[in-house]
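Novice: Pasting the sequence and the predicted coordinates here, then a few questions.
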Amino acid sequence: MTRTLTVALRVPCVIALLLAFGSGPSAEADLVADWGERFGDPGAPGADFQTVSAVESDSQGNLFIAGEFRGTMESGDTTLSSTNLATYDGFLSKFTPAGQHVWSVTFGGSDNEFVHDLKFCATGGIVVVGVSRSPQLISNGDSIATAGQGDAFLSYYDADGVHQVTEVWGGPGYDRALSVDCVSSGNFIVTGTFWGTVDFGSGPPVTSAGLADFYLLEVLPSGGVTSVATYGGSGDEKWASVCVDDDDDITFAGTFEDTVDFGNGPLVSLGVQDACLVNFAAVGSAATWSKDFGATAGSDAVWATSVATDGDNFFLTGFFSGSASIAKPNLTSAGGFDMFVGVFKSNGSSVWSVRGGSTGGDYGNHITYYDGQLAVTGLYGGNADFGSFNLQAVGSFDAVMFVTDLAGNVTLAKSGGGLTYDSARQSVMNAAGVTVCGDFSGSADFDSLQLTTWTSTEADGYVVRYSDLTATDVMGTVLPAGVALHLGAPTPNPARGATRIEYRSSVASGVLSAEVFDIAGRRVRTLRAGSAGSARTGVLQWDGRGDRGARVPAGVYFVRATDGVSTTQRRVTVVR
């Protein structure tokens, strides 16, 4: 069954916001966590589980995040409430590049809603996909009926967070919308899995061949499905992801069992589950090419969870056990499941692959591309290697984000977490750095930035940004990390009053001078000048005031410090 809910389109006023962005974060940059937000329940103690499942940015650097929560949840300066305080609703929030909350919307019903993906489209709107278990899915007061124990949904909002349209697809089984992208016309390409018989609203109802099957849809921003295609065999299709390249070709990635045919010949799994990568000219056309990636032993598996593109090449992540043929060379896990990255040309030919992980379980959730770099997010346990980087999980599982260049070199790996279970769900890269989202329990450290849940019995969502803190000498030459002056994350940030920044210098004299500048480059405060500090490590403190003692206006400021060898800076957001 398909349901469509449409409301009148409101055309927002367009305000030009001019921001000076440089190129993307350099592959050699010291990316350090400099801003983070917790998304948790400030209400009565309980075992609530909040998560930030997806993150995107627009061309101006604004952030859009989506996930699910139960009861109440803080999003920036706003407290959200679920429709039924005992079940989970979805949410969508917008934040400025400086991390200030702009707006939030919620959607839900009497049962649970779960968000799997979101996309900021060229039309200026934001589309969210996931699963609804409620008999009625309510968004901004608009309601639409669902059909089964779990239905796939798509909700579209304009740039101001005003609800435009919701689509629901499902039958009596469990149906999921897992991934979404946009074509140049503004239409949405949605993929997921369905079980049983479903009417997608274009053509006759379709029935899965085995357990869950894959589907691909093209959906209008005004509502309505224009094209539908389904694929599956006698087994169970597990996961699905989609991306659109510069020619509007569609590339799909998923995990399948037994045999599946995408229109150009069957793919047969070698292990328990195999991954596949498939290219289509359009939804409903036979595959231009398709590839499957399997483990060499029948008891092992390869799972594909996310696919991305630079407009021409395709980038795949997921996890595998045993030995697997994904791209070049064949990969062997350290034990249990390992994460992987595989790169493929536009014709499907393999370029390279790389693994990362420990002797335990390690899982790649998402991959994204920006300016010649790939960022992969997931979770890992134990002692794990990612290229030349070695990470040690603090708890049973920690969140992980690692970056590779387009030659397959791991240039950065970052871990975040505490004593229990923590995960990185997605990330987005832009000129400001890498922003990661996920969920954590208890207290979690991301570099020197620490987040703590409202209560010890719950898990909260998070967003953490890693910024490019490359230090230079007085001539502007980039210095290696061991020589550069390092500034830790300002705490707190954003700040209503005072904030502090720990520093580490490669020279015994420590910081020689530190100043605060506004976004226009005007100096507003001198924190330290003239004489040398007393140690290689120390703390810079700013009380949020200018040199004359008056509180500075709300906005973005930069604390710039030098130790005589290198100069670096940190961004601080002041709120009033």
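Specialist: Everything's here; your move. Numbers count the residues shown, from 1 in each chain.
Novice: After the least confident helix or strand in the chain by mean pLDDT, heading C-terminal, what element do we hit next?
Specialist: Lowest mean confidence among the helices and strands of the chain (mean pLDDT, DSSP states H and E): strand 2-6, at a mean of 42. The first helix or strand that comes after strand 2-6 along the chain, using DSSP states H and E, is strand 31-39.
Novice: And the next helix or strand past that next one?
Specialist: Counting by DSSP H and E, the next helix or strand C-terminal to strand 31-39 is strand 51-57.
Novice: for that following strand, packing partners?
Specialist: For strand 51-57, the elements it packs on are strand 63-70, strand 113-120, strand 126-132, strand 423-430, strand 433-441, strand 459-468, judged by 3 or more Cβ pairs under 8 Å, 6 or more residues apart in numbering; DSSP states H and E. The way it works is simple: take the backbone N, C-alpha and C, and place the C-beta from them, glycine included.
Novice: Present the ones you listed as a markdown table; the columns should include distance to residue 143, mean neighbour count and mean pLDDT.
Specialist: Formatted as a markdown table, those follow (distance: least, Cβ to Cβ, whole Å; neighbours: other Cβ atoms under 10 Å; pLDDT from 0 to 100):
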| stretch | distance to residue 143 | mean neighbour count | mean pLDDT |
| --- | --- | --- | --- |
| strand 63-70 | 19 | 27 | 96 |
| strand 113-120 | 13 | 24 | 97 |
| strand 126-132 | 11 | 27 | 98 |
| strand 423-430 | 28 | 25 | 95 |
| strand 433-441 | 28 | 27 | 95 |
| strand 459-468 | 26 | 26 | 90 |
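Novice: can these go into a markdown table with extra columns for distance to residue 394?
Specialist: A markdown table is the format used below for these (distance: least, Cβ to Cβ, whole Å):
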| stretch | distance to residue 394 |
| --- | --- |
| strand 63-70 | 23 |
| strand 113-120 | 27 |
| strand 126-132 | 30 |
| strand 423-430 | 13 |
| strand 433-441 | 11 |
| strand 459-468 | 15 |
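Novice: Quick one, which of the ones you listed gets closest to residue 187.
Specialist: Nearest of these to residue 187, taken as Cβ to Cβ: strand 126-132 at 10.3 Å.
Novice: List the residues that contact residue 259.
Specialist: Residue 259 makes contacts with 233-235, 266-269, as judged by Cβ atoms under 8 Å, 6 or more residues apart in numbering.
Novice: List buried residues within these.
Specialist: For the contacts of residue 259, a burial check counting by 16 or more other Cβ atoms under 10 Å picks out 233, 235, 267, 269.
Novice: Strands - which of the contacts of residue 259 land there?
Specialist: Under the assignment DSSP state E, those contribute 266-268 to strands.
Novice: Check those against residue 347 and report the nearest one.
Specialist: Each of these was checked against residue 347 using Cβ to Cβ; the closest is residue 267, at 17.1 Å.
Novice: nearest residue to that closest one other than its sequence neighbours?
Specialist: residue 292 (4.1 Å; Cβ to Cβ, 6 or more residues apart in numbering).
Novice: okay but that neighbour is in contact with residue 273, surely?
Specialist: No - contact criterion Cβ atoms under 8 Å: residue 292 and residue 273 do not qualify, at 10.5 Å.
Novice: and for those two, which residues touch both?
Specialist: Taking Cβ under 8 Å, 6+ apart as the contact rule, residue 292 and residue 273 both touch residue 256.
Novice: Comparing these two, which residue is more hemmed in?
Specialist: Using other Cβ atoms under 10 Å, the more surrounded residue of residue 292 and residue 273 is residue 273, with 25 against 20.
Novice: so that one touches residue 258, yeah?
Specialist: No - assessed by Cβ under 8 Å, residue 273 is found out of contact with residue 258, at 9.6 Å.
Novice: who touches the nearest residue to residue 392 once chain neighbours are set aside in this structure?
Specialist: Of all residues not flanking residue 392 in the chain, residue 383 sits nearest, at 5.2 Å (Cβ to Cβ, 6+ apart). Residue 383 makes contact with 358-359, 390-393, according to Cβ under 8 Å, 6+ apart.
Novice: Then residue 185?
Specialist: Residues near residue 185 by Cβ under 8 Å, 6+ apart: residue 248.
Novice: Next SSE downstream of the host helix or strand of residue 334?
Specialist: Assessed by DSSP H and E, residue 334 sits inside strand 331-344. For strand 331-344, the succeeding helix or strand toward the C-terminus, using DSSP H and E, is strand 350-357.
Novice: following that next one, which helix or strand shows up next?
Specialist: That would be, after strand 350-357 and using DSSP H and E, strand 362-370.
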